[in-house]
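Asker: Return atomic coordinates for the entry below.
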Amino acid sequence: MSVSPPPPLRLDMPAHELQRVAQRFGGRFELRGLTEGPLSGAHKSRAMGASLDFAQHRDYVPGDEPKHLDWRAYAKNDRLVVRQYQQETNLRVYLVVDRSLSMAYRGGAEVSKGVYAARVAALISWMLLLQGEAVGLATFGGQLSQLSPAASSREHFWRVISALEASEWEPDTDPARALSALAERLPPRSLVIALSDGFDFKLSEPLHEERGSLLRRGLVKGRGGEGLSALAGRLKAQGHTVSLLHLLDPHELSFPFDELSLFEGLEGEEALKLDPEGVRGAYLEEINAFCEALKGRASSLGVRYARCLTDQPLERALAALAGREGAET
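Answerer: Now for the predicted structure:
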C-alpha cells in the first residue's frame, strides 16, 4: 500500500507574525551559549570594541549594549546604529534542516515537524540578520539537497524563505553522507544548527525484534548514533561548532492511539495493522531510550542538544536552543 506524498512545504506564517514571536522572545538570539569551544573567542570579541578594525554599521535592535551605539552617526542621520568590527563578521551561522519524509509527520500538533523546523529556521534567520550576523541555509535528505551561502544583508531573509519552501521531501535519507558533504563545503569556523527528528541517523544497536515492527516504519530505527558521530567528528575537526534541535511530534512521545489502527510508513515501509494497546509499553520504552541515547551521544561529542515538541510555541524552541532556564534540553 503506497502512501500519498505529503504536500509541498509552506510556512504559512507572514513576516509580521515572525516579528511578533521575535519580540516575545526578547528581540535577540544570543549565540554566546552556542559558541563554546573554538568559536567562542570570535563571537565574544564584541566587548573589545575599539581595539578591532571597524567594518560597518548596522541598525540598532533592542538588547544591543548602548556603549556600541555610534552617536555621531545618530546626530547626522537621526537613526540609531551600532558599530561592527572586522572580527565580528567572522562567525557564519548555517541552519541545516532535515527534509526527510519522517519530518512530514503531523499527529498532535497544528503543523508537521518539517513546517515547524522551517518556521524555527526562518525565525532564527530573521533575528540574526537583524543583528548583523551572516546566515546560510542547507537542507538534506539522502544527500545534501541545497546549500545557500551565508550572507548578512536583510534581503537575504527572503532568499532563505524561498529556499525553505522550494526544498522537496526526500524519501531516502542518509544524514551522515549528506552532512559529511556539507562539512566539506562550509567556510572555516562556522556555527551549524541542525533541525531534525534524528530518526535517520545510523544507529549502533539493532532494535529488539519484538519492538521493532512498528518503530521501523518511520519512527525509531535504533539506538546510539554512529552517523551523528561521523558528522560531528568531521565538523569539529574542521573547527565548526554544532548544535542539534531535536524535534518530535507530541504523539511520537505519548502514543495516544487506542483503537486498531493502520500505521503507514513515511519512508517506504509497508503499512502495518496493530492494536496500539499491545505495543504501547514497548514503543514508549523504545522511543524514550532512543531520545536519551541521542542526547547522550551528542553530549559525548560536544554537540549541544536541545529537544522541543512541535505543539510548543516557537519561542520555546528558541529557548531550548539558547539554553534558557525552564526550556527542555
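
Asker: Strands of the stretch 201-329 of the chain, residue ranges please.
Answerer: Assigned by DSSP state E, counting those that start in this stretch, the stretch 201-329 of the chain shows strands spanning 241-248, 261-263, 272-274, 304-309.

Asker: For those strands, give me a markdown table that also has mean neighbour count and mean pLDDT.
Answerer: Using the backbone N, CA and C atoms, a C-beta is placed for each residue, glycine as well. What follows is the strands of the stretch 201-329 of the chain, written out as a markdown table (neighbours: other CB atoms under 10 Å; pLDDT from 0 to 100):
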| stretch | mean neighbour count | mean pLDDT |
| --- | --- | --- |
| strand 241-248 | 25 | 93 |
| strand 261-263 | 13 | 77 |
| strand 272-274 | 13 | 81 |
| strand 304-309 | 22 | 95 |
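
Asker: In a markdown table: those strands, plus distance to Trp169.
Answerer: Formatted as a markdown table, those follow (distance: least, CB to CB, whole Å):
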| stretch | distance to Trp169 |
| --- | --- |
| strand 241-248 | 15 |
| strand 261-263 | 19 |
| strand 272-274 | 21 |
| strand 304-309 | 21 |
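
Asker: Of all those, which one is nearest Ile161?
Answerer: For the strands of the stretch 201-329 of the chain, the distance to Ile161 is smallest for strand 241-248, at 18.6 Å, taking CB to CB.

Asker: could you say what helices and strands the closest one packs with?
Answerer: Helices and strands touching strand 241-248, by 3 or more CB pairs under 8 Å, 6 or more residues apart in numbering; DSSP states H and E, are helix 113-130, strand 190-196, helix 226-237, helix 276-300, strand 304-309, helix 314-322.

Asker: Contacts for the fifth one next, please.
Answerer: In this structure, residues lying in contact with strand 304-309 by CB atoms under 8 Å, 6 or more residues apart in numbering are 33-34, 36, 109, 241-250, 253, 291, 294-295, 298-299, 316-317, 320-321, 323, 327-329.

Asker: returning to that earlier point: so which of the helices and strands packed on strand 241-248 is nearest Ser261?
Answerer: Among the helices and strands packed on strand 241-248, the nearest to Ser261 by CB to CB is helix 276-300 (6.1 Å).

Asker: circling back to that earlier point, closest to His16 out of the strands of the stretch 201-329 of the chain?
Answerer: strand 304-309 (23.2 Å).

Asker: Can you list the strands that that closest one pairs with?
Answerer: Strand pairing for strand 304-309, using DSSP bridges, gives strand 241-248 (parallel).

Asker: okay, the angle between the partner strand and helix 314-322?
Answerer: 140 degrees (axes from the mean of the first three to the mean of the last three CA atoms, to 10 degrees).

Asker: Give me the angle between strand 241-248 and helix 276-300.
Answerer: With the same axes, to 10 degrees defining the directions, strand 241-248 sits at 170 degrees from helix 276-300.

Asker: How about exporting strand 241-248 as PDB, limited to the C-alpha atoms?
Answerer: Taking C-alpha atoms only, strand 241-248 is exported to PDB below (Å, rounded to 0.1, in the frame of the first residue of the first chain):
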ATOM      1  CA  THR A 241      30.600  24.100  16.300                       C
ATOM      2  CA  VAL A 242      27.400  22.000  16.200                       C
ATOM      3  CA  SER A 243      24.000  22.300  17.900                       C
ATOM      4  CA  LEU A 244      21.100  19.900  17.400                       C
ATOM      5  CA  LEU A 245      17.500  20.900  17.900                       C
ATOM      6  CA  HIS A 246      15.700  17.500  18.200                       C
ATOM      7  CA  LEU A 247      12.100  18.000  17.000                       C
ATOM      8  CA  LEU A 248       9.300  15.500  17.800                       C
END
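
Asker: Go through the strands of the stretch 201-329 of the chain and name the closest to Leu69.
Answerer: Distance to Leu69, taken as CB to CB, is lowest for strand 241-248 among those, at 28.9 Å.

Asker: Low-confidence ranges, the stretch 201-329 of the chain, go.
Answerer: 201-230, 265-269, 325-329 (pLDDT under 70).

Asker: Give me the nearest residue to the residue sitting nearest the centre point of the chain, chain neighbours excluded.
Answerer: The residue lying closest to the centre of the chain (CA atoms, centre = their mean) is Leu195, at 2.5 Å. What sits nearest to Leu195 in space, not counting adjacent residues and going by CB to CB, 6 or more residues apart in numbering, is Ala117, at 4.1 Å.

Asker: Assess the claim that that neighbour and Val97 are in contact.
Answerer: Yes: using CB atoms under 8 Å, Ala117 is in contact with Val97, at 5.3 Å.

Asker: Common neighbours of those two, please.
Answerer: Leu195, Ser196.
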